[in-house]
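Colleague: Below are the sequence and a predicted model; questions follow.
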Amino acid sequence: MSYLLKGCPSAIYMFKFVVKAKTEEAAIKKTMPTIKRCEDFAEALHIYCGVDHAGLIDEELSLRVIFNIKEPQNSILMKVPALFSFAASIQLELTNQTFHSEKSL
């Protein structure tokens with residue numbers, strides 16, 4: 001199911017979280033509950049969620065979590081506070097945000 005509606009503005013929020021581990025496999029295993037929570041939250045709000053990482057560096061795995069709310073502006077304005085509350089509840093760090101109007105896409 002696509003949560004990115006055509007012809008609508010897009011609000012993109014990037015967060016990160018870091019886990020410490022000796023191996024990349026152990027780090028990924030530690031991150032799975034948080035990733036699952038992010039995916040479940042996004043599915044409940046009908047927004048896009050993507051997660052990636054660049055690998056283990058100095059026994060730290062930094063994950064980037066991207067949420068994209070591509071809907072009519074009224075819907076974006078209602079979902080952003082829920083997204084920020086969720087991010088705070090699981091201690092995600094906001095790293096970037098951007099907004100594209102439907103005219104700029």
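Modeller: Perfect, thanks for sending it.
Colleague: contacting residues around the closest residue to Arg37 other than its chain neighbours?
Modeller: Distances taken as Cβ to Cβ, 6 or more residues apart in numbering place Ile90 nearest to Arg37, at 6.0 Å, with adjacent residues excluded. Heads up, the C-betas are built off the backbone N, CA and C, glycines and all. Residues in contact with Ile90 (Cβ atoms under 8 Å, 6 or more residues apart in numbering) are 17, 34, 37-38.
Colleague: Show me which residues of the worst-scoring helix or strand of the chain on mean pLDDT are buried.
Modeller: Lowest by mean pLDDT, DSSP states H and E among the helices and strands of the chain is strand 48-57, with a mean of 93. For strand 48-57, a neighbour-count test (16 or more other Cβ atoms under 10 Å) marks 48-49, 53, 56 as buried.
Colleague: hmm, back to that, give me the distance between the residue nearest to Arg37 and Ile12.
Modeller: According to Cβ to Cβ, to the nearest Å, Ile90 and Ile12 sit 19 Å apart.
Colleague: now do Phe86
Modeller: 16 Å.
Colleague: These two: who's more crowded?
Modeller: The residue with more neighbours, out of Phe86 and Ile12, is Phe86; 18 against 15, by other Cβ atoms under 10 Å.
Colleague: I figured the more buried one hits Phe41, correct?
Modeller: Yes. Phe86 lies in contact with Phe41 (Cβ atoms under 8 Å); the separation is 5.1 Å.
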